[in-house]
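*Asks:* this one's structure only:
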């Protein structure tokens, strides 16, 4: 069980890294970090298309990452 979870964790980690690197940057430097964060926070910029798919995939993979890590910790004890 531990080996299967470890292999699954490595696959999820590689997929998560790939999906995060495929996402487009939302800001340009420090000024984009100050003004761009407020625009996405209040919903002025809606994500559509590929960005939406990448965002949802990132959320699913990150939840899977934490679930697998908790399961590995539980089964290792």
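*Replies:* Looks like it arrived, so ask away. Computed from a predicted model, the values in this text were never measured in an experiment.

*Asks:* For the rest of this, base every contact and every neighbour count on C-alpha atoms.
*Replies:* Will do.

*Asks:* Just the element for the residue nearest the centre of the chain, please.
*Replies:* Using C-alpha atoms, centre = their mean, the residue of the chain that lies closest to the mean C-alpha position is residue 58, 3.2 Å off. Following DSSP states H and E, one finds residue 58 within helix 50-76.

*Asks:* Just the mean pLDDT for that helix, thanks.
*Replies:* Helix 50-76 comes out with an average pLDDT of 93.

*Asks:* count of neighbours near residue 63?
*Replies:* Neighbourhood size, residue 63 [other C-alpha atoms under 10 Å]: 12.

*Asks:* so how far is residue 53 from it?
*Replies:* The spacing between residue 63 and residue 53, counted by C-alpha to C-alpha, to the nearest Å, is 16 Å.

*Asks:* Name all residues that make contact with residue 8.
*Replies:* residue 68 (C-alpha atoms under 8 Å, 6 or more residues apart in numbering).

*Asks:* swap in the one 5 residues further on?
*Replies:* Under the criterion of C-alpha under 8 Å, 6+ apart, the contact partners of residue 13 comprise residue 65.

*Asks:* element containing it?
*Replies:* Element membership of residue 13, judged by DSSP H and E, is helix 2-22.

*Asks:* which parts of that helix are buried?
*Replies:* Neighbour-count burial for helix 2-22 flags 9, 12, 13, 15, 16, 19 (criterion: 16 or more other C-alpha atoms under 10 Å).

*Asks:* could you dump those to CSV with pLDDT?
*Replies:* Listed next are the buried residues of helix 2-22 as CSV, based on pLDDT from 0 to 100:
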residue, pLDDT
9, 95
12, 97
13, 97
15, 96
16, 96
19, 94
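
*Asks:* Now flag whichever of these is closest to residue 25.
*Replies:* Using C-alpha to C-alpha, residue 19 comes nearest to residue 25 of the buried residues of helix 2-22, at 12.6 Å.
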